[in-house]
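Chemist: Build the 3D model from these lines:
(2 chains)
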Amino acid sequence: MFEFCSDPSALEDLQWMACYLTTGKQIAFYWSFGTVLLLLAVTAPAALAFGFLGAMASRARIAPVRWLGLAYTSMVRGIPDIIFFLFVPIALDQGFEWLRHKVKCPDWDQPIRQGSDFVVCSAAKLPQSSAPQWVHESYGFALAVLAFAIVFGAFAANVLAGAMKAVPRAQMETAEAYGMSHSQAFWRIMVPQMWVYALPGLSNLWQILVKATPLLFLLGVEDIVYWARELGGSKTSTFAYPHPDWRLWYFLGLLVFYLALTSVSERVFARLSARLSHGQATAAGEKMRKAAA
Amino acid sequence: MSCMETIEAYGLRSIGLGERLLPRSDFTLCDQFVLIGSGLVWNVYFGLMALFFGFWFATALAMGKSSDSLLLRKPAEWFIFVFRGSPLFIQFFIAYQAFVLLPRNGIEINLGFVELTAQTRWLTKAWAGALIVLFLNTSAYSAEIFFGALRSIPKGDLEAAEAYGMTPWQKFRRVTFPTMLRLGWPAYTNEAIFLFHATTLVFFSGFPAWQQQGDALYYANYFADKTFNPFVPYPIVAGYFVILTLCVITGFGLVNRRLNRHLAPASRPRLRIRPQLVR
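Modeler: Predicted structure coming up:
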C-alpha cells in the first residue's frame, strides 16, 4: 500500500500500524463486512417473501395448506434457530445431490448411504469438483442465504399473520359490502393496511437478523468472525507483522460495528413508523392528527 | 449394547459420569437419543441459572433506567444498549478472549492485612464463563421488558398507593413490582423461551467442551459429523427442545395465573406468546 512498507521490521509504531492495517489479509477482512451486508440485503427480502407466503398459507381455506402454514410459522417458537442453521444447509445440499443423482445416473445400483458415507455418482456432485474456487464459495453462501431465509421467513410469517389479524374487521366487512371478492378484499384492503401493524414486529425481526449474521461463521463462510479469529491470533516472528493475541481487540471492533448497525436501524425504523402511521386509524396516527390540528 | 446399557453408560455422559469414550461407529437410534438427551442437562442448567440470577438484576436495571438520577439512569441505559445491540455470539467470543487473557496464576489482592489470590481459571470453563455472559445478556433483554412494563403501570394505581400513605418501599413492594411483573409477564415468557434456545450457542462460540462434555446440540452435531446424516440427530434435538419449550410455557403460565389471581376469571389475560417481541 505505502512505499515505506517494504521492510516491516524496521518501522516505527505508527507507520507499522499503517502498514499492518493495509496488508492483503486485512483488506480481505474489510471486504468481509461487505459479505455481511450482502447477506442482509439478500436475506431480508427473501425472508419477507417466505413470510408472506407462510402467513397466507396459515390463513388458507384449504385445510392441508393451512396446517402446513401453521407448522411453518410455529416451528421457530419451539426449536432454536441455530439447529436450523446447522441442519438446513447440509440437508439441502444432500437433497440437491440426491435429486441430481436420480436424474443423471439412473442405472446406479449401489445404496446412497453406505455406512457413514453419502455417495452419489460424480456427475451429480454439487458443485462439480472441477469448478473454480469462487463457485464453491458462492454455493456455500447461497445455501447459507437459503437457511437464513427459511428461518427468518418463519419469524416473519408470525409477524405478518398477526398483522393481518390486526386489520380492523370493519374494513374487511366494508369491502365485502362493496361486493369485492375474497382475493380483491385481501389485496386491495388488507395488504395495504397491514404494514403499519407489522412494522414493530418487522423492525424487531430486522434487529434479530442483524444479530444472527455472525452465525455465518458456523456455516463455513469466510465472514467477519472468521477473519477476526484468523487475523487476531498471535503471530510469531516468522510472520511479516508479528503481534501477540489480539483477538479480543478484533472482537471489540466487531462489537462496535454491530452496535452501530443496530442503533442506526433503530433510528431508521422510528422514522419509518412515523411515516406509516400518518393518516392511519391507530393511536399513533391519531396523535399525529391532533398534533397537526 | 442394549438400550438399557446405553442409558447407564451415556445417560449422564454430559456431566462426566459413565462411559468415557463416546460411541465411534454403528450408532443406534438409542445412542443418539440418550446422548443428546444427556446434553440437555447443560441447556437446562444454563437457562435456569441465567433466568434466576438475571431476574433480580433485570429488575434493578429496569428501576435504574426509569430513575430520575442521571448517575443511575445512564449506566443502566448503556448496559442495556450494549447487550441488546450486539450479537450474543460476539459477546461469547469477547468474554472468552477476555477470560483467557486474565493472568493464569490468579490475581493477587492485597487487603493490607491479608493477601488473597483470586483464581481465574474457572472463568474460561463454559459452566461459569458462558453462564456469566448469558446472565448479563438475559438481564439486559428482561430489563428492557420490565422497563416498558414500569412505564405502563396505570397512574391511578400509584396515586392510590400514595394516598394510602404507603412508604416508597411499601409502594414498590405492593404496587409497582407486582404490577410490573403482571404487565411484563407475556413478553418475559417469550424472553425465557428464547434464552433456552440461546443456550445452544455456548459450545459453538469459543468456549471449548471440556472432555467432550457438551450440550444437546453439541452431541447432535457430533453425530451429524460422524454419520454425515443430518436427518436423524437434528430432528431428535429439535424434538427435545419442543418439549423443553412446552415446559417453559407451562411453568410461566402457572406463574401468570398466580399473578392475575385477584382479577375476575373473565378478565384475566391469557398468556399468549407474541412473536412481535422475539428478543
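
Chemist: Which parts of the stretch 151-293 of chain A are helices?
Modeler: Per DSSP state H, counting those that start in this stretch, the stretch 151-293 of chain A carries helices over the ranges A:169-177, A:182-185, A:191-212, A:224-232, A:247-277, A:283-292.

Chemist: Between these, which one is closest to A:Ala46.
Modeler: helix A:191-212 (10.9 Å; Cβ to Cβ). C-betas here are computed from N, CA, C, even on glycine.

Chemist: Any stretches of chain B with poor pLDDT?
Modeler: B:104-106, B:111-112, B:115-116, B:272-279 (pLDDT under 70).

Chemist: so where do the helices sit in it?
Modeler: B:3-10, B:29-65, B:70-85, B:88-101, B:126-151, B:155-163, B:168-171, B:177-198, B:216-227, B:233-259 (DSSP state H).

Chemist: Can you name every helix or strand that the longest one contacts?
Modeler: Contact here means 3 or more Cβ pairs under 8 Å, 6 or more residues apart in numbering or on different chains; DSSP states H and E; on that basis helix B:29-65 packs against helix B:3-10, helix B:70-85, helix B:126-151, helix B:177-198, helix B:216-227, helix B:233-259.

Chemist: try the first one
Modeler: For helix B:3-10, the contact count by 3+ Cβ pairs under 8 Å, 6+ apart identifies helix B:29-65 as packing neighbours.

Chemist: cool, the third one as well?
Modeler: Packing contacts for helix B:70-85, counted by 3+ Cβ pairs under 8 Å, 6+ apart, involve helix A:247-277, helix B:29-65, helix B:126-151.

Chemist: what do you get if the cut-off is 6 Å, keeping everything else the same?
Modeler: helix B:29-65, helix B:126-151 (3 or more Cβ pairs under 6 Å, 6 or more residues apart in numbering or on different chains; DSSP states H and E).

Chemist: could those go into TSV alongside mean neighbour count?
Modeler: TSV is the format used below for these (neighbours: other Cβ atoms under 10 Å in any protein chain shown):
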stretch	mean neighbour count
helix B:29-65	20
helix B:126-151	21
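
Chemist: With distance to A:Ser32 added, can I get those helices in a markdown table?
Modeler: Shown next, in a markdown table, are the helices and strands packed on helix B:70-85 (distance: least, Cβ to Cβ, whole Å):
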| stretch | distance to A:Ser32 |
| --- | --- |
| helix B:29-65 | 30 |
| helix B:126-151 | 24 |
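
Chemist: which bits of chain A sit near chain B?
Modeler: A:78-80, A:82-83, A:87, A:90-91, A:116, A:118, A:158-159, A:200-201, A:208, A:211, A:214, A:218, A:247-248, A:251, A:254-255, A:258-259, A:262 (Cβ under 6 Å from any Cβ of the partner chain).

Chemist: Out of those, which end up buried?
Modeler: Buried members of those, scored by 16 or more other Cβ atoms under 10 Å in any protein chain shown, are A:78-80, A:82-83, A:87, A:90-91, A:118, A:158-159, A:200-201, A:208, A:211, A:214, A:218, A:247-248, A:251, A:254-255, A:258-259, A:262.

Chemist: start to end distance for stretch A:109-128?
Modeler: 21 Å (Cα to Cα, to the nearest Å).

Chemist: List the buried residues of that stretch.
Modeler: So for stretch A:109-128, counting by 16+ other Cβ under 10 Å, buried means A:Ile112, A:Phe118, A:Val119, A:Val120, A:Ala124, A:Leu126.

Chemist: List the single closest residue to the fourth one in space, sequence neighbours excluded.
Modeler: Closest residue to A:Val120 apart from its sequence neighbours, by Cβ to Cβ, 6 or more residues apart in numbering or on different chains: A:His101 at 4.0 Å.

Chemist: list the contacts for the one you found?
Modeler: A:Val120, A:Cys121, A:Ala124 (Cβ atoms under 6 Å, 6 or more residues apart in numbering or on different chains).

Chemist: could you redo the last one with a cut-off of 8 Å?
Modeler: A:His101 makes contacts with A:Trp108, A:Ile112, A:Val120, A:Cys121, A:Ala124, as judged by Cβ atoms under 8 Å, 6 or more residues apart in numbering or on different chains.

Chemist: now swap in B:Ala98 and tell me
Modeler: Contact partners of B:Ala98, counting by Cβ under 8 Å, 6+ apart, are A:Leu248.

Chemist: Could you measure from it over to A:Leu255?
Modeler: 12 Å (Cβ to Cβ, to the nearest Å).

Chemist: now A:Ser237
Modeler: In this view, A:Ser237 and A:Leu255 are 30 Å apart by Cβ to Cβ.

Chemist: what does A:Ile189 give?
Modeler: From A:Ile189 across to A:Leu255, the span is 45 Å (Cβ to Cβ).
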